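**Student:** Predicted model and sequence follow; I will ask about them next.
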Amino acid sequence: MAKSSAHGGFHLLTGYDEIREAASSGDVFSSYVHGLGAADVVAEDAGSDDNPPPRAPLFEFDGQSHLAWRRILRPYFTPAAAKRHEPLIRRLCRETLARFVKDGRADLVTAYTQVVPPLVVAALLGVSESGRELLAEQAKRLVGAETREEAEERGREYAKLLLGHIRDRAGASRGDMLSDVIHADIGETVNERQVLRFASLMVAAGQLTTTDAAAMMALLLAENPDLRDRARDSQKVLDDFIEEAVRHEPAVAATGRAVTRPTALGGVLLDAGDRF
Ligand code: HEM
């Protein structure tokens, strides 16, 4: 375990056993890490140290409540669910590529890998087709903010837009992520702030990861023309390349937990409030 004083201080776990222990002990190592993470720049939702924001369903719950939320949202993450979305994703990819293919060149990140993922996540959330472009555009603007002030200002606009979609889905029957979360029956009611936090984390989880993964894959293919030719000529090579690239060039280098009570991990003593 290493320790850094950056960003308010955090530990870094690198051992398999320690990571496994932390990942499976939500009562001591909580997924609710206040003060870090994508949802904290969505200003209406940021709270303060004295009044931290409420936990986002799924992402920030631990133990049995976490499992209950997983049961509710699992149907969106099965291979069968991915298959159902494939026609939409292929259509979005083709439409996006068609915008620049005649130019013969493009910045593949800003013109392609940043464009498709937020549109797909917006569809999963249940945002109507006419609202997806604007949501995707604002999500992209938020990620592009260069200062905390800029991020907070863009975060406020983004929160307003997301809240509109949440209110829209509150009156809808279930069958998309937002209305399933709003109407979930797990013995606790979720309030609008929690749904907003859930939605902003879901856009971040689904967008930043796949944007970066696809960008890394495009770069690998551009730098290895031989691999690019083989992947173009064989579906099997392409499938293997995607699987291996996700492992070899991970889009997420680390994930966080907060310590809830004094404990030891990997021979290091940790206090309540410590983060890694
Ligand atoms: C290459 C793509 C992706 C990578 C590398 C990735 C990586 C991760 C990582 C490292 C975690 C944290 C696990 C933990 O803290 O225990 C996570 C959680 C999560 N991701 Fe992804 N992710 C990807 C794509 C997506 C997409 C496309 C979505 C949604 C559309 C998504 C939704 C989630 C959710 C909901 C969680 C929380 C799960 C839970 O708490 O049980 N991810 N992901």
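**Tutor:** Yep, that arrived. All of these numbers come straight from a predicted model, not from anything done at the bench.

**Student:** What are the buried residues along stretch 51-62?
**Tutor:** The neighbour-count check on stretch 51-62 (16 or more other CB atoms under 10 Å) flags 53-62 as buried. C-beta: built from backbone N, CA, C; applies to glycine.

**Student:** Does the ligand have contacts with the helix or strand hosting residue 198?
**Tutor:** Per DSSP states H and E, residue 198 falls inside helix 192-223. Yes - on the criterion CB under 6 Å from any ligand atom, helix 192-223 is in touch with the ligand at 205-206, 209-210, 213.

**Student:** Alpha carbons of stretch 178-197, in PDB - could you do that?
**Tutor:** Extracted in PDB, the C-alpha atoms of stretch 178-197 (Å, rounded to 0.1, in the frame of the first residue of the first chain):
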ATOM      1  CA  LEU A 178     -34.600   6.300 -14.400                       C
ATOM      2  CA  SER A 179     -38.200   5.100 -13.900                       C
ATOM      3  CA  ASP A 180     -37.000   1.800 -12.400                       C
ATOM      4  CA  VAL A 181     -34.900   3.700  -9.900                       C
ATOM      5  CA  ILE A 182     -37.700   6.300  -9.100                       C
ATOM      6  CA  HIS A 183     -40.300   3.600  -8.600                       C
ATOM      7  CA  ALA A 184     -38.100   0.900  -7.000                       C
ATOM      8  CA  ASP A 185     -39.600  -0.900  -4.000                       C
ATOM      9  CA  ILE A 186     -36.700  -1.900  -1.800                       C
ATOM     10  CA  GLY A 187     -38.100  -0.700   1.500                       C
ATOM     11  CA  GLU A 188     -36.600   2.800   1.300                       C
ATOM     12  CA  THR A 189     -37.800   5.700  -0.800                       C
ATOM     13  CA  VAL A 190     -35.300   7.500  -3.000                       C
ATOM     14  CA  ASN A 191     -35.600  11.300  -3.200                       C
ATOM     15  CA  GLU A 192     -35.000  13.500  -6.200                       C
ATOM     16  CA  ARG A 193     -31.400  14.400  -5.200                       C
ATOM     17  CA  GLN A 194     -30.500  10.700  -5.000                       C
ATOM     18  CA  VAL A 195     -32.000  10.100  -8.500                       C
ATOM     19  CA  LEU A 196     -30.000  13.100  -9.800                       C
ATOM     20  CA  ARG A 197     -26.800  11.800  -8.300                       C
END
